[in-house]
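Undergrad: can't give you the sequence, but here's the structure:
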């Protein structure tokens, strides 16, 4: 856990000139706070403790279609402690809508857990981030 927090702190200090946002999200399997810098996201679950790190990709850029610029896809890893330690890889799709200095977003995707037992779960989240 100390290594995860140290990595997050180093990433935050290195990315001082990046496009950044911070906010809250509500979802399954965790709800909490999120920090985003460019195309990297760091999530910390507060209701059930958890951490997630994701790399996001703009769908409009991927398929060369500007109509899809509000959509994104992501891949990453997640650890959740909801009475059982769960570590897994995740991916999904989402949308984000800018409103002044804020971003409203929602996403859904599968997570393949492989610690304790192998389990595939469909998860999602809704949130809001403040851009600075």
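TA: Good, I have the coordinates. Note that the structure is a prediction, hence the values are computed from the model and not measured.
Undergrad: could you use CA atoms for every contact and neighbour count after this?
TA: Noted.
Undergrad: check the gap between residue 73 and residue 60 for me.
TA: 10 Å (CA to CA, to the nearest Å).
Undergrad: ok, these two, which is more surrounded?
TA: residue 73 (19 against 15; other CA atoms under 10 Å).
Undergrad: parallel or antiparallel, which strands does the helix or strand hosting the more buried one pair with?
TA: According to DSSP states H and E, residue 73 maps onto strand 71-81. Its sheet considered, strand 71-81 pairs with strand 50-58 (antiparallel), strand 85-99 (antiparallel) by DSSP bridges.
Undergrad: now name the helix or strand holding residue 62.
TA: Assigned by DSSP H and E, residue 62 falls in helix 59-63.
Undergrad: average pLDDT for that helix, rounded please.
TA: Averaging pLDDT along helix 59-63 yields 95.
Undergrad: likewise stretch 112-132?
TA: Averaged across stretch 112-132, pLDDT comes to 93.
Undergrad: residue 55: what's it in contact with?
TA: 39-41, 74-76 (CA atoms under 8 Å, 6 or more residues apart in numbering).
Undergrad: do the same with residue 26
TA: Taking CA under 8 Å, 6+ apart, we find residue 26 in contact with 32, 125-127.
Undergrad: not counting stretch 116-129 itself, show me its contacts.
TA: For stretch 116-129, contacts defined as CA under 8 Å, 6+ apart pick out 21-29, 31, 34, 84-86, 102-113.
Undergrad: secondary structure added to the contacts of residue 26, as TSV?
TA: TSV is the format used below for the contacts of residue 26 (DSSP: H, G, I helix; E, B strand; the rest coil):
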residue	secondary structure
32	strand
125	strand
126	strand
127	strand
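Undergrad: wait, which of those residues is closest to residue 98?
TA: Closest approach between the contacts of residue 26 and residue 98, by CA to CA: residue 127, at 12.1 Å.
Undergrad: separation between the closest one and residue 97?
TA: Taken as CA to CA, the span from residue 127 to residue 97 is 11 Å.
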